[in-house]
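> here is a sequence with its predicted model. Questions after.
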Amino acid sequence: MGKYDLLAKDIIKKVGGKDNILSLVHCVTRLRFQLKDESLADDEALKQTEGIITVMRSSGQYQVVIGNHVPQVFEDVCKIANISSEKETEKKKMSFREKSLDLISGIMMPAIGILCACGMLKGFNSILSYLGLYSNEDGIYILLNAIGDSIFYFFPVVIGYNTAKKIEMNPFLGLIIGAALCYPTINGVDVPLFGHVFNATYTSTLLPVILIVAVAKPLEKFFNRVIPDMVKTFITPMLVLLISVPLGYVVIGPLANMLSNGISQAVLSVYKLSPIAAGFLVGGFWQVMIVFGVHIVLVVLCITNIISGTPDPILAFTTFVTFTTTGMVLAMWLKTKDKNLKQIALPAWISGFFGVTEPAIYGILLPRMKHFVISCLCGAFAGAATAALGLKYHTMAGMGLFEIPALLDPAQPGVSLVRAVIAAAISLAIGFAVSFVTFKDEEPSQTKGEESDSEKCKKEVIASPLTGKVKPLSQIEDGAFSNETLGKGVAVTPAEGKVTAPFNGTVMMLFPTKHAIGLMSDQGCEVIIHIGMDTVRLDGKHFDAHVKEGDKVKKGDLLITFDKDAIEKEGYSLDTPVIVTNTNDYMDIIAMMEGGSTVRRGDDLIAIL
């Protein structure tokens, strides 16, 4: 049994069971699920689970933030849910933006850890050489430098493999395409080909191999379809390589290199306009990008510079944002009298020194929004200080303290090390000082507590959003509903295809497939109405939404219409759970009508105490 076996089982259950998981990858701190039906995932239950920092829905992924032990949790989840990276999975419909971010994550994330490891080796090698432990002509320096440089030099091999795997073609074809591009005798030398002389360099590049593998994918698919089975295992890859590599070397690669250079210059031009202003903006918005899970885009743009040998200033601006956050939480830990906050803050500021700030962001700062905004402002000044000191990313490295080796300029490692230490000290001091001045414990108010208790005891009534027959949740086929994993409530088997608002409130969530909608009443009751079982597979067919996320609605307003007969004809059950997802906020959830009773839209359905 794995170390995180129990946590893994809990996660699988609360994301809707293993049958609800389409695919799973992980980054440095997060499990990144693609789920068949995100409405089956219980956000609140996951957030309250020990070992989970928070959950997020971003970029077409359901992200469970774990911390720096995420690889072990990932392994246990994969074992228990029988998730294989090689198995074919169903495709989840995503927007173009979601598909783009998912593709970038799938290609880059598996390589980030090794990139950081090699970058740290290069950084430590420079420090040890600078301190005089050995010279840059010694064998140990040459060997360590070779190890550190290897992934950057042969990056097309790694990215070719990852790209092929992500787009579901033979990953070894992608690997060989990358290896061919790195072959010494065709890099940086004149190669006569097709009556012309070509001279290109593809080592330490990113975009060329991605585009060439993308072209190879349809070729592989075509040849696998037309070539007999007995010879396709070697004839298909031979033909794919024969076409894609020359085409890539002559046409796709040069164009990709031009595009890469253009992107690099665009990123650097922002810096050249005003380094300090750029540092202020990037540092200020870095944590916001992390919260929304889109920071990987900026990372990839900067890696394009780094692997090509161009020092990158943009990623350097983010380095010491973690130190401002850590300083803030450290000050809170020292100042607070709240035992619960002290207990959370201690591991949060310790892990912050090693670059893992999710516990601080999600557990401490975001629930205190004023302090999250302050931390972003402090991060802006940290970015500006980094720019003022002229620090740049020269290689990839770890996080937190282990990120400093990335900032060491090989030409003057001692000077850049001192500047990095100064930037770290400034950032830590800014966060600590501002937090120490602005933070104070919320004063306990007896009156406020009594009002809170009485508020919980107030009765709120949820009206039926449908006309039909009442059915207890225990009789629903789906275990996530029948076991009340998602919350308490009842189900209605509809007699007609209309769903109306069960109270005055706000549309918090409308699923793209329109089969489920999440609402919050003006009193704070959170409800999901899930039309039918497994109807997410219809991909929105037979459903029409009459509201959008963020809309204010009044009781009885039309939310969704659906073609009842067409859906049933396709074999789907229309049992519709009406679930109170924040059940734990209340004393009791009571069904006001017995199973089998007929209910009309607007009739009292659920009482909340």
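Received, thanks.

> which residues does stretch 255-275 contact?
Contact with stretch 255-275 is made by 200-202, 205-208, 210-212, 278, 301-302, 304-305, 308, 310, 312-314, 387-388, 390, as judged by C-beta atoms under 8 Å, 6 or more residues apart in numbering. The C-beta positions use only the backbone N, C-alpha and C, and glycine is treated the same way.

> off-centre distance for it?
Put simply, stretch 255-275 sits 26 Å off its chain's centre (C-alpha atoms, centre = their mean, to the nearest Å).

> quick check: mean pLDDT of that stretch?
When pLDDT is averaged over stretch 255-275, the result is 80.

> stretch 234-252 now?
94.

> now, the contacts of stretch 255-275 that are in helices?
Per DSSP state H, helices hold the following members of the contacts of stretch 255-275: 207, 208, 210, 211, 212, 278, 301, 302, 304, 305, 387, 388.

> a markdown table please, covering those residues and showing pLDDT and distance to residue 344.
Putting the ones in helices among the contacts of stretch 255-275 into a markdown table (pLDDT from 0 to 100; distance: C-beta to C-beta, whole Å) gives the following:
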| residue | pLDDT | distance to residue 344 |
| --- | --- | --- |
| 207 | 88 | 42 |
| 208 | 91 | 46 |
| 210 | 93 | 41 |
| 211 | 94 | 46 |
| 212 | 95 | 48 |
| 278 | 89 | 34 |
| 301 | 77 | 34 |
| 302 | 80 | 32 |
| 304 | 78 | 38 |
| 305 | 79 | 37 |
| 387 | 93 | 33 |
| 388 | 93 | 34 |
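
> quick check: the two most widely separated of those residues?
The largest distance within those, taken as C-beta to C-beta, falls between 212 and 388 and amounts to 41.1 Å.

> okay, these two: which has more neighbours?
More neighbours surround residue 212 than the other of residue 212 and residue 388, with 27 against 14 (other C-beta atoms under 10 Å).

> chain neighbours aside, what residue packs nearest to the more buried one?
Leaving aside its sequence neighbours, residue 212 sits nearest to residue 248 (C-beta to C-beta, 6 or more residues apart in numbering; 3.5 Å).

> neighbours around that neighbour, how many?
25.

> repeat that for residue 526.
For residue 526, the tally of surrounding residues (other C-beta under 10 Å) stands at 20.

> surely it and residue 518 touch.
Yes: using C-beta atoms under 8 Å, residue 526 is in contact with residue 518, at 7.0 Å.

> any shared contact partners between those two?
Joint contacts of residue 526 and residue 518 (C-beta under 8 Å, 6+ apart) are 508, 581.

> circling back: any of the contacts of stretch 255-275 buried? List them.
200-202, 205-208, 210-212, 278, 301-302, 304-305, 308, 310, 312-314, 387 (16 or more other C-beta atoms under 10 Å).

> what secondary structure does residue 72 sit in?
Using DSSP: H, G, I helix; E, B strand; the rest coil, the structure places residue 72 in helix.

> pLDDT on stretch 541-557, on average?
On average, stretch 541-557 scores 90.

> residue 402 and residue 355 touch, don't they?
Yes: Residue 402 is within contact range of residue 355, at 7.0 Å (criterion: C-beta under 8 Å).

> picking up where we left off before, name the SS class of the residue nearest to residue 212, please.
helix.

> I'd say it and residue 211 touch.
Yes: applying C-beta under 8 Å as the test, residue 248 and residue 211 come out as touching, 7.5 Å apart.

> and residue 46, what does it touch?
So residue 46 contacts 11, 14, 15, 52, 55, 64 (C-beta under 8 Å, 6+ apart).

> any idea how far the second one lies from residue 46?
For residue 14, the distance to residue 46 under the criterion C-beta to C-beta, to the nearest Å works out to 5 Å.

> helix or strand: which one has residue 606?
strand 604-608 (DSSP states H and E).

> other residues contacting that strand?
459-464, 470, 489-490, 492, 502, 525, 578, 580, 586, 588-593, 599.

> centre of the chain to it, how far?
37 Å.

> next, residue 505: phi, psi?
Dihedral pair for residue 505: phi 180, psi -150, per degrees, to the nearest 10.

> quick check: next helix or strand after the host helix or strand of residue 152?
Applying DSSP H and E as the criterion places residue 152 in helix 139-153. Downstream of helix 139-153, the next assigned helix or strand under DSSP H and E is helix 155-166.

> could you check the angle helix 139-153 makes with that following helix?
Relative orientation of helix 155-166 versus helix 139-153 (axes from the mean of the first three to the mean of the last three C-alpha atoms, to 10 degrees): 40 degrees.
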